[in-house]
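In: Below is the sequence, then the predicted model.
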Amino acid sequence: MLRETIRALAESKIAPFAAAVDEESRFPQEALDALVSSDLAAVHVPEEYGGAGADALATVIVIEEVARVCASSSLIPAVNKLGSLPVILSGSEELKAKYLGPLAKGDAMFSYALSEPDAGSDAAGMKTKAVRDGDFWVLNGVKRWITNAGVSEYYTVMAVTDPTKRSKGISAFVVEKSDEGVSFGAPEKKLGIKGSPTREVYLDNVRIPADRMIGEEGTGFATAMKTLDHTRITIAAQALGIAQGALDYAKGYVQERKQFGKPIADFQGIQFMLADMAMKIEAARQLTYAAAAKSERGDADLTFQGAAAKCFASDVAMEVTTDAVQLLGGYGYTRDYPVERMMRDAKITQIYEGTNQVQRIVMARNLP
């Protein structure tokens, strides 16, 4: 039922704008409005804070079905989970009550600010600092590659509170867009997911109350990594949706396109391509759904499974979308058809929330 509901919504309210959102590099406001009005913009928020209380698998299905028609739009529910999960995992009751309610209602979005210009894969090498000043913390630094920056009201920001301790000297904070000293860089000009703004976040003497720290001092990096164990699965879901959308379109196309007097779907070479695409997507789906179940239970092998799902599904998405472009031939290479957009959108799933090279390091360190 959930899948049917979200698919109907995605096809009627999100898909019609996907090409324009990409072409104009604009935020998919129509998608946000549709998701908010159906209580699907942040389904993961627990019921006690006004949310739908959806489990990890239900959240994955929402993201997958939105990504099937528009990858940029799928970053609304995905990043709302990424940004707010540190609060859910480690935040005080007061922080949860204050920030999760507006998120669940659709009054605010939540972004995640970990990466920096010189701290990408080496996130522990960050330079953003937070200095205690009485009942406040004062934050200074630059965060880069922040998804939905400028649109989101709330930001989970990681900052160094004790430079002598490396990762154990990093703490997490909630920063609001309206806090004095918060500003944003120009939107990045990207290959894909053009409807989701990616900008730098500048923190210039941003003074926030001490109770906006998420968890204890020095636990921010551990919270950040624990968050990614859960949210990498949402990137797997996004990749899965993009791949499914590309296969669905290509499958319809090859049945219509005729060459040598018959539909190209009748040629065995085409059939083998479609079979491989469908097989790999199904393998990615099973891995992703199993990882979502482990996320919900908090299984001991979640770190391995989350990394495996994200890595495998994103590699599949890149392969399947490339094949979809091939199946459409010259048409696949034009912007009149959606598969070239899907191919461009798929690429980022191999890069963000930890490159697939980093995922392989994570898997190797956590072999079951």
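Out: Right, received. Where do you want to start?
In: show me where the protein has strands.
Out: Remark: strands assigned in the chain by DSSP state E are 110-113, 129-133, 136-147, 154-160, 170-176, 182-184, 198-209, 213-214, 258-259, 262-263.
In: and those, which is most packed in?
Out: strand 110-113 (a mean of 28; mean count of other CB atoms under 10 Å). The C-beta positions use only the backbone N, C-alpha and C, and glycine is treated the same way.
In: partner strands of it, parallel or antiparallel?
Out: strand 154-160 (parallel) (DSSP bridges).
In: Would you point out which residue is most central in this protein?
Out: A78 (4.3 Å; CA atoms, centre = their mean).
In: Surely that residue is in contact with I63?
Out: Yes - the criterion here is CB atoms under 8 Å, and A78 meets it with I63 at 5.1 Å.
In: Quickly list what L139 is bridged to.
Out: In beta-bridge terms (that is, DSSP bridges), L139 pairs with A130, V206.
In: residue contacts, it?
Out: Residues near L139 by CB atoms under 8 Å, 6 or more residues apart in numbering: 128-130, 157, 159, 173, 175, 181, 203, 205-208.
In: With T147 instead?
Out: 75, 79, 82, 111-112, 196-198, 352.
In: circling back: nearest spatial neighbour of the residue nearest to the centre of the chain, chain-adjacent residues omitted?
Out: Distances taken as CB to CB, 6 or more residues apart in numbering place T234 nearest to A78, at 4.4 Å, with adjacent residues excluded.
In: Who are the contact partners of the one you found?
Out: 59-60, 63, 77-78, 81-82.
In: Return the member of the residues you listed nearest to G329.
Out: Proximity of these to G329, judged by CB to CB, is greatest for I63, which lies at 30.6 Å.
In: about what we covered before: next, show the common contact partners of A78 and I63.
Out: 234, 237-238.
In: From G91, how far out is M213?
Out: In this view, M213 and G91 are 9 Å apart by CB to CB, to the nearest Å.
In: sorry, back to before: can you pick the most crowded of the contacts of T234?
Out: I63 (31 neighbours; other CB atoms under 10 Å).
In: Surely that residue is in contact with I233?
Out: No - counting by CB under 8 Å, I63 stays clear of I233, with 9.3 Å between them.
In: neighbours of G150, just the number please.
Out: Neighbours of G150 using other CB under 10 Å come to 19.
In: Next up, the contacts around it.
Out: 177, 184, 187, 197, 199.
In: Nearest to A292 among these?
Out: Using CB to CB, the contacts of G150 come closest to A292 at P197, 27.1 Å.
In: For the closest one, what are phi and psi?
Out: Backbone torsions of P197, given as degrees, to the nearest 10, read phi -60, psi 130.
In: Give the full set of residues in contact with it.
Out: Applying CB under 8 Å, 6+ apart to P197 gives the contacts 27, 147-151, 187.
In: Including pLDDT and distance to P86, could these go into JSON lines?
Out: Converted to JSON lines, these look like this (pLDDT from 0 to 100; distance: CB to CB, whole Å):
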{"residue": "F27", "pLDDT": "98", "distance to P86": "24"}
{"residue": "T147", "pLDDT": "98", "distance to P86": "15"}
{"residue": "N148", "pLDDT": "98", "distance to P86": "16"}
{"residue": "A149", "pLDDT": "98", "distance to P86": "17"}
{"residue": "G150", "pLDDT": "98", "distance to P86": "20"}
{"residue": "V151", "pLDDT": "98", "distance to P86": "19"}
{"residue": "P187", "pLDDT": "97", "distance to P86": "25"}
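In: Buried ones among the residues you listed?
Out: Among the contacts of P197, those scoring as buried are 27, 147-151, 187 (criterion: 16 or more other CB atoms under 10 Å).
In: And the pLDDT for the residue lying closest to L95 once chain neighbours are set aside?
Out: Distance criterion CB to CB, 6+ apart; nearest residue to L95, sequence neighbours excluded, is V87 at 5.5 Å. Per-residue confidence (pLDDT) for V87: 98.
In: Assess the claim that V87 and G101 are in contact.
Out: No - judged on CB under 8 Å, V87 makes no contact with G101 at a distance of 11.4 Å.
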